[in-house]
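Enquirer: A predicted structure for the sequence below; I have some questions about it.
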Amino acid sequence: MKTTHGIELPETLREMVDPKRCALIVYDMQAGIVRQVKDGAAITARIKQLLEAAREVNMRVFFTRHLSLPKQLMGAAQYRMAMAWQRVDDPEKVQPWFLRDSPAFHIVPELEPLPSEAIFDKLAMSAFEGTPLDMALRDCGIQCFLIAGIAMEIGIDITARHAADLGFVPIVVRDACGAGHRDAADRALQTLEFLGDAVLTDLATLIKEIS
């Protein structure tokens, strides 16, 4: 651990994942998202391992869920995004996939959150946009966080970059992050590595350091 001007600078992964300064974010592991990814079951199993390791050391855990608004409440940006994802050219053909009470919206049962864990719903891709996540982490003195879930190229990349701008150290667990488009996910990881704000690791290394 280096220090400068009274500020501690964690260097090693073991220092970063100390539960006093690190939390776990499980990103959008919802039934309707997991089933869209061909290795969704494998990603779920890896995240379950990560979640169990985090719980074992009393690390704070936050889940995110992507929320769709009813069509009457959707704005231009949400329609444009839904049209792009659903590959339709008419807004009347858009179907809100993640309405609040739909089965697709709920977190997969294998990763059922505990009463002591938070769930934040969002409309945007960044887990920080429009949610209390930033305040919740800072209020607990969190400096770093682990992130895993789906999808790497859509929301995890954006959340990691946003976090770095907010002064956090994101730790991306690469093999516990699913992707809908492998090439895009690889490009996202390469960009994060190039920027240098995030730490990239794998599940086996992380579990060894966290225990």
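Expert: Good, I have the coordinates. Just so it is clear, the model here is predicted, and its values are computed rather than measured.

Enquirer: quick one: strands adjacent to the least confident helix or strand in the chain by mean pLDDT?
Expert: Lowest by mean pLDDT, DSSP states H and E among the helices and strands of the chain is strand 7-9, with a mean of 84. Note on strand 7-9: by DSSP bridges, its sheet partners are strand 2-4 (antiparallel).

Enquirer: residues in contact with residue 13?
Expert: Contact analysis of residue 13 by C-beta atoms under 8 Å, 6 or more residues apart in numbering lists 171, 199, 201, 205-206, 209. All C-beta spots, glycine's among them, are computed from the backbone N, C-alpha and C.

Enquirer: likewise residue 39?
Expert: Contacts of residue 39 by C-beta under 8 Å, 6+ apart are residue 178.

Enquirer: now do the closest residue to residue 10 other than its chain neighbours against residue 96, distance only.
Expert: Spatial nearest neighbour of residue 10, chain neighbours left out: residue 16 (4.8 Å); criterion: C-beta to C-beta, 6 or more residues apart in numbering. Counting by C-beta to C-beta, to the nearest Å, the gap from residue 16 to residue 96 is 38 Å.

Enquirer: helix or strand right after the lengthiest strand in the chain?
Expert: Longest strand in the chain by number of residues, with DSSP state E as the criterion: strand 169-178. The helix or strand immediately downstream of strand 169-178 is helix 182-195, counting by DSSP states H and E.

Enquirer: relative to the whole chain's centre, how far out is that next one?
Expert: 15 Å (C-alpha atoms, centre = their mean, to the nearest Å).
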